Every structure is written in C-alpha cells, then in structure tokens.
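Q: From the sequence below, what's the structure:
(one chain, ligands or ions: 1)
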Amino acid sequence: MPSALSSYVVIFPFMAQGHTLPLLDLSKALSQQQIKVTIITTPSNAKSMAKTISNHPTISLVEIPFPTVDGLPKDCENTSQLPSMEFHLPFLLATKQLRKPFEQVLQTMVESKTPPICVISDFFLGWTLASCQALGVPRLVFHGMGILSMSITKSTWSHAQQLESTSMIDPLDLPGMKLPFTLTKSDLPGSINLPNHDEMFYQFIQEVGEADAKSWGVVVNSFEELEKSHIPAFESFYINGAKAWCLGPLCLYGKMGSNKSTNQNHSCTSTQWLADQVKPDSVIYVSFGTQADVSDSQLDEVAFALEESGFPFLWVVRSKTWSLPAGLEEKVKGRGLIAREWVDQSQILSHRAIGGFLSHCGWNSVLESVSAGVPVLAWPMIAEQSLNAKFLVDGLGAGISVKRVQNPDAKILVSRQDICEGVEELMGGSRGRSARERVQALGRVARRAVQKGGSSHDTLNKLIDKLRVSM
Ligand SMILES: O=c1ccn([C@@H]2O[C@H](COP(=O)(O)OP(=O)(O)O[C@H]3O[C@H](CO)[C@@H](O)[C@H](O)[C@H]3O)[C@@H](O)[C@H]2O)c(=O)[nH]1
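A: Numbering: from 1, shown residues only. Prediction:
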C-alpha cells in the first residue's frame, strides 16, 4: 500500500465552470488529507485555475492542448466562452480529441511506477474510462449534479418507452424511487427528453452514459443528510457495484484555509459594496449561473422588478449586449450593484447582509445557498435545474418559486410583476421567513458534514482508504 504522501489522484474536469469549480474544491479537500492532486486540463483553463490553487503546493496542473475544430470559435476552451448554447454539442464532441494527449500523460505516470490511486473525470469525458481500464487505474465519474436529479434523469432515460404513453399531468411513478415531491412529465426538463434531441447529441449521451455506468465509483457533490434516501436507487444504475461517494458540499472545502486576499481579487467591488450593507439579511443576490442564455428583454424585466421591490441588490450580469434601461440608473443608484465581472459567489452568499438569492438553481448555486443558509427564489432555466428547484422548494422547503409563463419560446418567461412579487415574498413575506428558517437549519447540517467526524469528511477518508487498498 502506498504511503500517504506518495498517494496522488488525477482529476480531469469538464471545461465548464459549474463542473470545474467543485472539482477544484475537491482537490483542496484531498490536499487537506495529505493526498497530492494532479489536475489535467487545457492551457487557458489551466491559467484560470492556477490562481485558485496558488496556495496549495500539493495540487499541480498538467496541460494538454485543446483541439482546433471547425464550427467552434477560435481559442474557446470553456463553455462559458461559447457564444450560445448552440455550440454546446460541437464543444462536447471536440473534447473527445483530448483522448490521445490524456492517455500519454496517464501512461507516463503509470510507467514511472507511480500510478495515481484513481482518476476522477467528468461524465462528459466518458472515453477516459477505456483509457483508465487499459492502464489499470480506477476511474471515478463526476457529474456535477445532485443524487436525486441524476436518479430521475437516469430513470426517465431507462423507462423512456413506458413514459411515452404517460399523460403530461399525472404524477410519475418511477420504479424504485421515492420522490420527495409530485413530479409530472411536464415538470421534466427538455434535456431529459433525450429521444427528442438531435441524433448526434443522443448518441454522445448514450456513449458517455455507458462509460458512466461501468465506472469504479461516483464522486457526488452532495451530503448524506440531504440525499441519503435516494442513494440506493441511484447506485442501481451502475453495473459493477459502484458506490456513490457523497463528499459535499465541496464549496465548503474551498473556503477552509483560503487566502482572503486571493478570493477578494475576483470581486473587489462587490466585496466593498457588501461591506457597506450593514443590515443583516437585507440584500438580494441575483445570478443565473454560467450557461443559461437570458435574453436582454428578460434582463430588463429583472431590472424593473429589482427597482420596484425596493430591496438592495447585488446582481451578476453575463450579457455583453445588455445595459440598464433608461431612467433606472438614477433610481437604483446606491441601492444596487450590477457586477459584470466574475465574483466570488460562495463568499458573497456567506455575507451576513445577503438575505435571499434569485437563482437559476444550478446544483452548485443550490449547495452554496444551502451551505450559507440563504433562501432561494427559484427560477430554473435549463438542464436539470427545474428538478433542483422542485427539490429545494417542495422537497426541502428552503425556497419559493417565481411564476413562469407556459410558453418556453417566449422572450420574457417571467414578468417584472411576478419577479417583484417573488422578491418581496422571499425577503419580507411569511413564506420567505419559513424558507429562511429551514435553510439555516440545513446550512448547519451541511457545515457539520465536511468537518472532522462529519458524514462527508468520513466518506472522503473511507474512499481514500479503499483506493489505497485496491492498489
Ligand atoms: O460570477 C460568478 C458566477 C458564477 N460563479 C460560480 O459558478 C458556479 C456556477 O455553477 P451552477 O450554479 O451550478 O450553474 P451553471 O454554471 O449554470 O451550472 C451548470 O452545471 C451544473 C452542475 O452540473 C448544473 O447543475 C447546471 O444545471 C448547469 O447549468 C457556482 O459555483 C458559482 O458560485 C461564481 O463564483 N461567480
């Protein structure tokens, strides 16, 4: 068995912020357990990761070149740089060309008689399974999603035929699953309706899904107290008895021993602005993640709603084309901050002035909000976000939902009145108050999970021990 200091793990994240950031936090968790980490990634992603890991000498980066591919913008190595979601599939397909350089790196490690104890690679990088198997290294898969949403997704994929004849409004009965809320077919996100997708996307997901199911294990950014009852159903989709290792919320490891000045560099203006907000729970934080396309007319509605609600707000806007509608600047001056740069969201959410989060419900945002004890005004947009929102609101009581219009093609999906009503209810209404109490209690459980003796901390140690024994 290798000694603690000689053990190392290779991590290969998918090049999207929502997938990479939690794995950077996991790297920090491993290095706190005396495990070295080698992260394999492409040059421009390595550049942005280098800042985050600069205080962690046991985490290193190995760069492999990103392929040049027709149909993708030049120098685009991360989904956050894609002009729109239309480029998502070409991007996914391009990552398959990373196989050869990845294998060369892994082979050199194995041949130098110091193989890693495992490779943790993203679900989308399914081909890494074959590379790992050929070199005798266990592959653990990471999806970025929670256990419940993954189980619902897998279950609906494997029962697609049965579901075809199910009505849109009757409660779904998914074999082997006990759902904490009523789910109908109309609640399922479009991305789950695989057969309705482009043939190439369908094929890609089939491929990576097969590799997923044959993996040695699954690293999950969640904690047992939150999703334990769904683990058996989730594990039943794996063919070699793979176990789901709940190690989260990973964002909390990222904060342990972090260097404040490094963190604040990202979001100096927002940190300073927040420091001036003295009233606890008074500010609403607004962010829709790194992937969803939000139209500029929809952003106008958000702006009017925030102005009308009267609450101080900190709002991260990704659109390069949008500007505050005429007349609003004066009205919100001093009361609201619009951040156009990357902010340290996790840090912001833990500021005592933040009293609510208007969120798209990406899984990282959900966990960061729960960890910080901040209730959510849920506005799911793409991918599995509607399932996360349902879990948070109907399952956990830790948030409330915005009212959305039924036409998914409309430019404005939520009106300013409905956003404003939602913000007022979250920040000052009785449903908002009860969601705050609930999420604060959950936050205490989440923080305990990653401390010594906590469920996720223990699971991490068990995983390391098991991997060392299997060497
Ligand atoms: O200025 C910013 C903007 C974002 N973030 C962070 O970026 C991450 C965003 O992740 P998430 O909230 O999960 O949103 P997306 O990036 O949109 O996530 C994609 O990936 C997730 C994990 O698989 C899925 O749950 C989502 O549906 C999918 O859209 C979070 O850690 C945020 O804290 C910042 O720190 N600063």
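Q: Chain neighbours aside, what residue packs nearest to the residue of the stretch 51-200 of the chain found nearest the ligand?
A: Nearest residue of the stretch 51-200 of the chain to the ligand, counting by CB to the nearest ligand atom: G144, 2.6 Å away. Yep, even glycine has a C-beta here, placed from its N, CA and C like the rest. Excluding its sequence neighbours, the residue lying closest to G144 (CB to CB, 6 or more residues apart in numbering) is H19, at 4.6 Å.
Q: wait, doesn't that neighbour sit right on D122?
A: Yes - counting by CB atoms under 8 Å, D122 is a contact partner of H19 at 5.5 Å.
Q: shared neighbours, those two?
A: Overlap of the contact sets of H19 and D122 (by CB atoms under 8 Å, 6 or more residues apart in numbering) consists of 13, 142, 144.
Q: pretty sure the residue of the stretch 51-200 of the chain closest to the ligand contacts L21?
A: No - assessed by CB under 8 Å, G144 is found out of contact with L21, at 9.3 Å.
Q: And what about K320, helix, strand or coil?
A: coil (DSSP: H, G, I helix; E, B strand; the rest coil).
Q: Please work out how many residues are found near it.
A: For K320, the neighbour count with other CB atoms under 10 Å is 7.
Q: Next one: it, what pLDDT does it get?
A: On the pLDDT scale, K320 is placed at 91.
Q: and it, what does it touch?
A: Per CB under 8 Å, 6+ apart, neighbours of K320: none.
Q: likewise S6?
A: For S6, counting by CB under 8 Å, 6+ apart, the contacting residues are T114.
Q: quick revisit: the residue nearest to G144: which element?
A: Assignment of secondary structure by DSSP states H and E places H19 within helix 17-32.
Q: Let's see the pLDDT reported for N407.
A: Reported pLDDT for N407: 68.
Q: that older thread, what sits against the residue nearest to G144?
A: By CB under 8 Å, 6+ apart, the neighbours of H19 are 13, 122, 124, 142, 144.
Q: how does it look with 7 Å?
A: By CB atoms under 7 Å, 6 or more residues apart in numbering, the contact list for H19 reads 13, 122, 144.
Q: isn't the first one right next to D122, touching?
A: Meaning P13. Yes - P13 sits in contact with D122 when judged by CB atoms under 7 Å, with a separation of 5.8 Å.
Q: the more surrounded of these two?
A: Ranked by neighbour count (other CB under 10 Å), P13 and D122 place P13 first, with 26 against 23.
Q: Distance of the more buried one relative to the ligand?
A: 11 Å (CB to the nearest ligand atom, to the nearest Å).
Q: List the contacts of the closest residue to L367 other than its chain neighbours.
A: Distances taken as CB to CB, 6+ apart place P249 nearest to L367, at 4.2 Å, with adjacent residues excluded. Going by CB under 7 Å, 6+ apart, P249 touches 221, 223, 367, 370-371, 446, 450.
Q: What is the end-to-end distance of stretch 322-341?
A: One end of stretch 322-341 sits 14 Å from the other (CA to CA, to the nearest Å).
Q: To clarify, my last question referred to stretch 161-173.
A: 14 Å.
Q: so how far is it off the chain centroid?
A: 28 Å (CA atoms, centre = their mean, to the nearest Å).
Q: Understood, closing this out.
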